[in-house]
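Give me a 3D structure for the following:
(chains A and B)
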2 protein chains.
Amino acid sequence: MIEPFGNQYIVARPVYSKKGFEEEHEKKYRYHKTFLDNLRECCSCSSRKAKKIALSFLPIASWLPAYQIKKWLLSDIVSGISTGLVAVLQGLAFALLVTVPAGYGLYAAFFPCIIYFFFGTSRHISVGPFPVLSMMVGAVVTRLVPDPSVNATESSGTSVSTNATLLDQERVMVAASVTVLSGIIQLLLGVLRIGFVVIYLSDSLISGFTTAAAIHVLVSQLKFMLQLTVPAHTDPFSIFKVLVSIFSQIRDTNIADLVTSLIILVIVFVVKEVNQRFKAKLPVPIPIELFVTVIATGVSYGCDFKNRFGVAVVGKMQSGFQPPLTPSVDIFQKTIGDSFAIAIVGFAVAFSVASVYSLKYDYPIDGNQELIAFGLGNICGGAFRGFASSTALSRSGVQESTGGKTQIAGLLSAIIVLIVIVAIGFLLEPLQKSVLAALALGNLKGMLMQFAEIGRLWKKDKYDCLIWVVTFLCAIVLGLGLGLAASVAFQLLTIVFRTQFPKCSTLANVGRSNIYKNRKDFSDMYEPEGVKIFRCPSPLYFANIGFFKQKLISAIGFNPLRILRKRNKALKKIRRLLKKKQIQVTPKGLIYTADAIKDSDDELDNNQIEELDQPVNTKDLPFQIDWNSDLPPFLMVPKVHIHSLILDFSAVSFLDVSSVRSLKTILQEFVRIQVDVYIVGIDDELVEQLARCQFFDAEVKDSIFFLTIHDAVLHCLMKKDYNISKFNPTQEKEMAYDFTINTNGGLRNRECQVPVETRF
Amino acid sequence: MIEPFGNQYIVARPVYSKKGFEEEHEKKYRYHKTFLDNLRECCSCSSRKAKKIALSFLPIASWLPAYQIKKWLLSDIVSGISTGLVAVLQGLAFALLVTVPAGYGLYAAFFPCIIYFFFGTSRHISVGPFPVLSMMVGAVVTRLVPDPSVNATESSGTSVSTNATLLDQERVMVAASVTVLSGIIQLLLGVLRIGFVVIYLSDSLISGFTTAAAIHVLVSQLKFMLQLTVPAHTDPFSIFKVLVSIFSQIRDTNIADLVTSLIILVIVFVVKEVNQRFKAKLPVPIPIELFVTVIATGVSYGCDFKNRFGVAVVGKMQSGFQPPLTPSVDIFQKTIGDSFAIAIVGFAVAFSVASVYSLKYDYPIDGNQELIAFGLGNICGGAFRGFASSTALSRSGVQESTGGKTQIAGLLSAIIVLIVIVAIGFLLEPLQKSVLAALALGNLKGMLMQFAEIGRLWKKDKYDCLIWVVTFLCAIVLGLGLGLAASVAFQLLTIVFRTQFPKCSTLANVGRSNIYKNRKDFSDMYEPEGVKIFRCPSPLYFANIGFFKQKLISAIGFNPLRILRKRNKALKKIRRLLKKKQIQVTPKGLIYTADAIKDSDDELDNNQIEELDQPVNTKDLPFQIDWNSDLPPFLMVPKVHIHSLILDFSAVSFLDVSSVRSLKTILQEFVRIQVDVYIVGIDDELVEQLARCQFFDAEVKDSIFFLTIHDAVLHCLMKKDYNISKFNPTQEKEMAYDFTINTNGGLRNRECQVPVETRF
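Prediction:
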């Protein structure tokens, strides 16, 4: 029992090396699952497991039977109708982003919603078009089916209109194929249970990416607001081309469209602000999109804007559904990268919105099942000429805030969309496209406000700020698909950056107890003599082991390899001089002649150089050399002021093969110049890994591990004490002469003051 | 002074929280350099700095004046001649890899060597063609200038030969342009001082990559050995096409070429083995390449192999140099990616070889200056129709082992190459191409032997093994350039993998002292009651914070948010029942009626759900609730068995914004259910970062940090003691009734045994 004793930390126990500790406290054997075990477990099958998997594949089978009709149905109906109206308008508006006729947006709002009703696990999200995703599909569409009218604005009206129909069909085809392909990718990811990939999209990345997407949406909608013909913008750098094109044509702006859209923008912004500010007081947010659409359609129809001002209107909407199409494999091949990006972004957005609600209402969602639901939704939606769907934040907000309890609300909203598709779509025909553009822009405020993140992130964490900025710039300049890939790669690189230049530090004791802190941080520090404590605050691996070594050497103040070589050179010289009798060993010490001093270093050939890296071997000499004493001038060996080096590895969370190899070399070099190295605070698993990597041998022993810095320091001090007490009593071998050179003396013998420990 | 006291670890000091410690021990103010400071320092200029930079740009200015003619010149001459002969043969052989006429390999062996003499910092590497690099250039060449003869093998001899000359010229042009571009890239990297990028190439990656390169070399040389016409192989997957093509034509093999090359291969292998085994005894490795070349050339000339067996020979070699060419900007655009890969691989190989020697002979090399030297060398070499150069391990081995001391040897080897170029090149004209192919293959043994690495790495570290295999497969399947990029990306991803699923553990005290270990590892563990110690052994960031939370919750055994909501719901109910007078507060406790039990949960709307996440507010109640006592059945609140949670963050080396935000949420949830959270062992810098991220508020205080686990545990125990002693003396407020429900009792009042602490 540990009894607190006032506010005192009192410990008395043996000094523990890892070995000593494990001798005293028996370590339990634990079976660690191997790769094979995990595989077996994963592939094992039982009827219960099969049933569970089958049920998890069709979530509706679990929640629908438990549906509480009395309690939930009414609010689901209210919510479904509201959401459905928003879905219709957003479908139309976002179809413009895809550059397909507005009517196709309704298909995108219908099919995935139905599918999600059966397969989805979230109860609150509203599935359907999402501006960023529509934009991404639009980018692919305009790349594969560029707008010929840009180069042919002068051609006759009829041919353009015929071409336009053909063009629209091609575009729908591309959008549908991309959607199907991204659906297939989502389905595959879901079936293979790798939905976890979304964790690689950090908050900063998503924030930067959606801000860039908002800018893209803004730029692409300018075209509709001003009613200009601008080239498609999709490739890297094309956003600038679009802007140049818009500004060069700015005089051709259709004033009626511009005015309409500006008025609507202002209204939408103001009402959304009101909604936001009086959130608590309003029972339901004002459905401003619905109002402005109804009014704008009425006005446009009543005043015949189309013919009077030449505005672009939604135009003829096909009533009912069109037969499904076979997606083109040719398009698949050309758009695999984009489809992957669409699949990931669509899922990531939906999943993050869904997890907000799942957290709020405390029910589980299943990422992989969500992937399957969206995948099936997109495959089906694409086959029926829709485009990629996910969830729009604003629409899900409507569904939840109007009281939606389950996906029954989603189903009802799909039915509203269905009614518009089959029955009352024609009512929307006089609606101006610029109104839809303005509505799409009205949803961007929140995303554009994210620019403020830059400043906040800069204060919090430079790397996160960098991720935001790089993601934003990549997504703006390279386009959304390629930009996303580049920014994910960059983001993962920051993890490397963060650990690449670890802030290594030299520790010292504070307050004479068992606390060790950075030497520079406190004033009352105490460094045990001859002991250096070095802390590495990050994992060690190929990219930072070199840096670690460099920092270690600069903290120690010398390069162990160089010392080792100098010692070996000195030893070589002593041997040669002994042979030449220019050094003699006497009981009082060494005597050397003046010739010894003059003896020049001879060149070493390559094999000999390798010898210099071997451990210092003095066994054949009749005495031992104390390298730290004052040596005669012909032996140029720098002194080593430490006898122990303690490496604090408590923050080293992993090692790789490169770092283990380098670490071993470093340790060997220190051991060879008689500096004891201790490693403290290292994880037991890493010790096992070191053993697997043949880290230990006769020089680097597995007894170098200590539990804490203090244990190792105490051990060092004890060992030193022991060494002193072992040699002091005899005294006869301790020689410390005064060391002066008689510069006048010609060739006469001098007595050498090399303090050696003779081995007679 | 810390005195070791036998083998005892004895400590007596106050329990330290981070705050308490810093109050007692004054922390020194340290000025941390800001980004601007570093920039200023970097851009500052002084005449000394300028001189140093100028000198570092031309290393020859430092080492040549110090050249020791007497000592070094002779060995440099011997080494230079040997290296030069090897360089000639390797130049010819590697030119085949580039698919240009063999003679151009000599230019590649000459110019970079001369440039390196002036600008290089390594004294021992032999600059010139390198098989992997030649292969990479060759891949680009065959992609841009595919071999038409594959499809036109039937056409007449003369037209093919004319075409062949034209083709060769185009190929030389491509090779030269790629070389110049990669030289420019190297120069830029060097001038911008970003030579450090090579640290991203770990040992495992380089090993896997060079093995794949060896396979590519092998496959590409089969063509020459068998004398077959196969299509270029460069694109992803094309290696398989080449193999298919070779096997489909295998019957057209030129037997003379096959036999020659096999014989030479065997000889080279055997002699290299001998060289290796008797390394110590041989003064100089046997220059077997030289011997076989001379003999093979003689035999081929003497027996007129060319006409008799139709073998392919080196053929007419242009004597002397050709005028420099202007590289094509068009080719630059098409090959930017490949050039980048060539630049990086070339530099990485040369630098790693150079650092081996710099370590061995103990002189400094400068990565950025090396980049500049290779960059200039490639620009110059490319302009004179050579191809990309680096260093071949074997040739550098020759230069060093024959006694080369400085780049004077390199200069001399260049002169040998020069002699061959201008004077005796014609002697090599009868040499069979298959001989050169066999010589190139002879150098591959070492690289191919690296397959054994897989097994070794698997034992040492699974991730490193994975890096090797993925790199190898990528480089084989995707080709060398793209494969390198993919494998570097994968390798960086492994750093994320390694930290993504941290092995979090619950710690407990071992041996009743200050040691805390994984609860599962030892048998004599002691867990302080109500205290949970949780350790996270890796940095926390966006990709693993979710996993961390999940592990924490499963270690704790409950989800704090759920508990919080249940408590708030219970509180709501108590308030309602109090209002309805179904609960009454008496000095003895609460009395509740049977109606209270029946009182059903009412549905909560969305705003109310948000309220549930707020801190439990019992201020308006006339009593306090002890949530861990046995509550009446109508209050369904799970008990919380811990009062303190200690998070061991000593191995958390960094945090990012996402993880800080999530961590704050987690801590808040615990604090709101009255579980005290303590963080121990965290780096001071991370605490500063937390402060910058607005981590602290009224709930999560900055007093949660303790120095060690033991400090925190003692603090928890002390606090608990204090709480008990504070409340125990009065006793009157402690209520612990027995809790039985009279199931027979109809509607009569029951006495509630809710142990509350009344606040009258």
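
all contacts plus neighbour counts: C-alpha atoms, from now on.
Fine.

now the strands: where do they sit in the stretch 601-750 of chain A?
For the stretch 601-750 of chain A, the strands defined by DSSP state E, counting those that start in this stretch occupy A:623-625, A:644-648, A:676-680, A:705-706, A:750-751.

export those strands to a markdown table and tack on mean neighbour count and mean pLDDT?
What follows is those, written out as a markdown table (neighbours: other Cα atoms under 10 Å in any protein chain shown; pLDDT from 0 to 100):
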| stretch | mean neighbour count | mean pLDDT |
| --- | --- | --- |
| strand A:623-625 | 16 | 70 |
| strand A:644-648 | 24 | 93 |
| strand A:676-680 | 24 | 92 |
| strand A:705-706 | 24 | 92 |
| strand A:750-751 | 18 | 44 |
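
which stretches of the stretch 101-250 of chain A have low pLDDT?
For the stretch 101-250 of chain A, applying pLDDT under 70 flags the ranges A:147-162, A:231-235.

The strands of the stretch 601-750 of chain A into CSV, with extra columns for distance to A:Val268?
Below are the strands of the stretch 601-750 of chain A laid out as CSV (distance: least, Cα to Cα, whole Å):
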stretch, distance to A:Val268
strand A:623-625, 88
strand A:644-648, 60
strand A:676-680, 63
strand A:705-706, 67
strand A:750-751, 100
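
Get me the contact residues on the stretch 451-600 of chain A for chain B.
Within reach of chain B by Cα under 8 Å from any Cα of the partner chain, the stretch 451-600 of chain A has these residues: A:457, A:459-461, A:463-464, A:489, A:492-493, A:495-496, A:498-499, A:510-514, A:520-524, A:526, A:528, A:537-539, A:542-544, A:562.

repeat for the stretch 101-250 of chain A
With Cα under 8 Å from any Cα as the criterion, the stretch 101-250 of chain A meets chain B at residues A:Ile199, A:Tyr200, A:Leu201, A:Ser202, A:Asp203, A:Ser204.

hmm, back to that, of all the strands of the stretch 601-750 of chain A, which one comes closest to chain B?
Nearest to chain B among the strands of the stretch 601-750 of chain A is strand A:644-648; the distance by Cα to the nearest Cα comes to 11.0 Å.

what packs against that closest one?
strand A:531-535, strand A:676-680, helix A:709-727 (3 or more Cα pairs under 8 Å, 6 or more residues apart in numbering or on different chains; DSSP states H and E).

tell me the angle the first one makes with strand A:644-648.
What it means is strand A:531-535. Relative orientation of strand A:531-535 and strand A:644-648, computed by axes from the mean of the first three to the mean of the last three Cα atoms, to 10 degrees: 20 degrees.

Can you give the distance of the helix or strand where A:Arg576 lies from its chain's centre?
A:Arg576 belongs to helix A:560-579 when assigned by DSSP states H and E. Computed by Cα atoms, centre = their mean, to the nearest Å, the separation of helix A:560-579 from the middle of its chain amounts to 51 Å.

And for it, what's in contact with it?
Residues outside helix A:560-579 that contact it (Cα atoms under 8 Å, 6 or more residues apart in numbering or on different chains): A:553, A:583-584, A:596, A:601, A:612-613, A:615-616, A:618, A:621, A:627, A:635-638, A:669-670, A:672-673, B:362.

Pull out the buried residues from those.
Buried members of the contacts of helix A:560-579, counted by 16 or more other Cα atoms under 10 Å in any protein chain shown: A:583-584, A:596, A:612-613, A:615-616, A:627, A:635, A:637-638, A:669-670, A:672-673.

which among those residues gets closest to chain B?
Using Cα to the nearest Cα, A:Asp613 comes nearest to chain B of the buried ones among the contacts of helix A:560-579, at 8.6 Å.

who touches that closest one in this structure?
Contacts for A:Asp613 (Cα under 8 Å, 6+ apart) come out as A:Leu561, A:Leu564, A:Arg565, A:Asn568.

related to what we said a few turns ago, could I get the helices and strands packed on strand A:644-648 as TSV with distance to A:Leu484?
Shown next, in TSV, are the helices and strands packed on strand A:644-648 (distance: least, Cα to Cα, whole Å):
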stretch	distance to A:Leu484
strand A:531-535	37
strand A:676-680	42
helix A:709-727	45
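
lowest-confidence stretch among the ones you listed?
Of all those, the minimum mean pLDDT falls on helix A:709-727 (a mean of 77).

C-terminal to the helix or strand hosting A:Leu167, what's the next element?
Following DSSP H and E, the helix or strand that holds A:Leu167 is helix A:157-191. Sequence order places helix A:203-226 as the next helix or strand after helix A:157-191, per DSSP H and E.

quick one: that following helix to chain centroid distance?
Centre-to-centre, helix A:203-226 and its host chain are 23 Å apart (Cα atoms, centre = their mean).

and what of stretch A:62-77?
On Cα atoms, centre = their mean, the centre of stretch A:62-77 falls 40 Å from the chain's centre.
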